[in-house]
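Visitor: sharing a model that was predicted from the sequence below.
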Amino acid sequence: MYKGGKYLIIILCCLYVFLLSACSGETEDNELTNYIGKSVKSLEKKTGLKLEEQSNGVYLAKDILQVMEKDNSIIQITLLKKAEDCMVYGVKIGMGKEDVDELLKGVFGSETTRTENNENGTVIYSYLKDGKELYVSYDSDSNTVVQLSYFKADGKKQTEEILENTGAGELVAIIGDTKVYYNEAMVYLKSAQANYETEYGKGIWDVDIKGDGVTFGRMLKNEVMDQIIELKVIRQEALKEGIVLEEEEIAQANAYAKEHFNGLTYEDREKYHITEELLRQVYSDNLLAEKVFEKKTINVDTRVSDYEARQVTVQHILIYSTSLDSDGNRVPLPAQERDEAYNKVLELLNSARETNDFYSLAEANTQAEKIEYTFGRDNAPGEYADAFAKAALSLDTGDVSDIITTDYGWHIIYCVTDYNEDATIQVKEDIIEKRRFDEFGRIFSEWSKNYEVVINNEVWDAISLKD
């Protein structure tokens, strides 16, 4: 997630909420350094703590202590924000950095790395010596310890192995330095699935829409994976540039996450390993991507001429000079019917030039399904020829056109307005937005060249939208 602190994702990912007991200040065994290599049961017995297993090898006392155990041997200990009476190498939560430095000097010497995490306002110092590794997180304002995590020998590597087999599910993809697990991928996939099933029904997934052998379900999974890749690349680039969410934005992400989580059934939470914390990360990633987009495209050219964007609103009458044959092709009417149709158009043209209610005249006589259109130079009605658009765009407000011929028949066009202000403003906004998307697409294309993407196709392909 950020340079120098990649292993601290262990800490962040495991803060699940369960009711547990606290570290007792009365016990003489609250120095936890020497419990590395011992069992969880031994730690509980000596400290009076009650740890509950969150997943295979991960134990937690809420807001106090996180422990990872492999083969009945503790390989990692993390003190959390309410572990005031517990310590590692004498270091406690709430202790100032000067005091910590004095305690650790004889064990580690000076720190190895320093990493700032602007998202949660912490600074992380790492220490490494003789196979012992310690991460200490300080509040950037008070410079006091808010969290620390201790490994010994191969504990770091073993911890990562445990994490990959926890409630997050199987590893689905690696994007640069970021790993995406089954539960996070399913948040995106199930949300997209629900949207499409609401509109098209559950039978959509096996449909070959394009006729190329690719089902709609496969198309959706490809789109969802592309979305995940894009979000993770943007997140990593944002951290490099110091673009982070502000307090209000984090609160917004948390509110979205809570609403989403509360809307899930217990069965879905269990089946897809979804936690509220996971959803906070998902919504934070999306809000951060929006913020990066805004910052990176804020300076695009916003000048759009009326000539380019002008939208008109017209109404028309259509009388067919053609009909459909048995194969659905449009063919000319027989001569007599064609003459009769054209004579009707001539009569309607005279009426159109005299009436004050063109719409009613059209409604009573047109053979078109739609009477009114609003469009400009680049979005004219696709079903009619260029002649229709050219005539419509050349009219002034209140004008009636001559008879316009298209492949369908004859049209009479009335110009309701030669400048639809609301529609023109919307088109200008759309043009500017397209420029921004084009610019961001160029930027993202450059970013993506620096990221290796590995997808676990065995896992991803096995996920069915019909389960």
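Guide: All right, it came through fine. A quick note: this is a predicted structure, and the numbers were derived from the prediction, not measured.
Visitor: which elements pack onto the longest helix along the chain?
Guide: In terms of residue count, the longest helix belonging to the chain (DSSP state H) is helix 421-448. Applying 3 or more C-beta pairs under 8 Å, 6 or more residues apart in numbering; DSSP states H and E, one finds that helix 421-448 contacts helix 216-241, helix 276-297, helix 306-309. All C-beta atoms are positioned from the backbone trio N, CA, C, and that covers glycine.
Visitor: mean pLDDT added to those helices, as a markdown table?
Guide: As requested, the helices and strands packed on helix 421-448 are arranged in a markdown table below (pLDDT from 0 to 100):
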| stretch | mean pLDDT |
| --- | --- |
| helix 216-241 | 93 |
| helix 276-297 | 94 |
| helix 306-309 | 92 |
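Visitor: switch the ones you listed over to a markdown table; also include mean neighbour count.
Guide: Below are these laid out as a markdown table (neighbours: other C-beta atoms under 10 Å):
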| stretch | mean neighbour count |
| --- | --- |
| helix 216-241 | 18 |
| helix 276-297 | 18 |
| helix 306-309 | 13 |
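Visitor: and of these, who's closest to Trp460?
Guide: Closest to Trp460 of the helices and strands packed on helix 421-448 is helix 216-241 (C-beta to C-beta; 6.9 Å).
Visitor: which SSE is immediately downstream of the closest one?
Guide: Toward the C-terminal end, the helix or strand that comes next after helix 216-241 (DSSP states H and E) is helix 247-262.
Visitor: about what we covered before: can you lay out the helices and strands packed on helix 421-448 as a markdown table showing distance to Val454?
Guide: Shown next, in a markdown table, are these (distance: least, C-beta to C-beta, whole Å):
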| stretch | distance to Val454 |
| --- | --- |
| helix 216-241 | 11 |
| helix 276-297 | 19 |
| helix 306-309 | 44 |
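Visitor: now do the helices in the stretch 351-467 of the chain.
Guide: Using DSSP state H, counting those that start in this stretch, the helices of the stretch 351-467 of the chain run over 358-365, 386-394, 421-448, 457-462.
Visitor: which stretches of this structure have low pLDDT?
Guide: 1-29, 54-56, 116-120, 153-168, 467 (pLDDT under 70).
Visitor: care to break it down by domain?
Guide: The chain breaks down into these domains under automatic domain parsing: 6-163, 171-301+444-462, 312-418.
Visitor: count the residues that sit near Asn420.
Guide: Counted with other C-beta atoms under 10 Å, residues neighbouring Asn420 total 19.
Visitor: from Tyr373, how far out is it?
Guide: 11 Å (C-beta to C-beta, to the nearest Å).
Visitor: which residues do the two both contact?
Guide: Thr313 (C-beta atoms under 8 Å, 6 or more residues apart in numbering).
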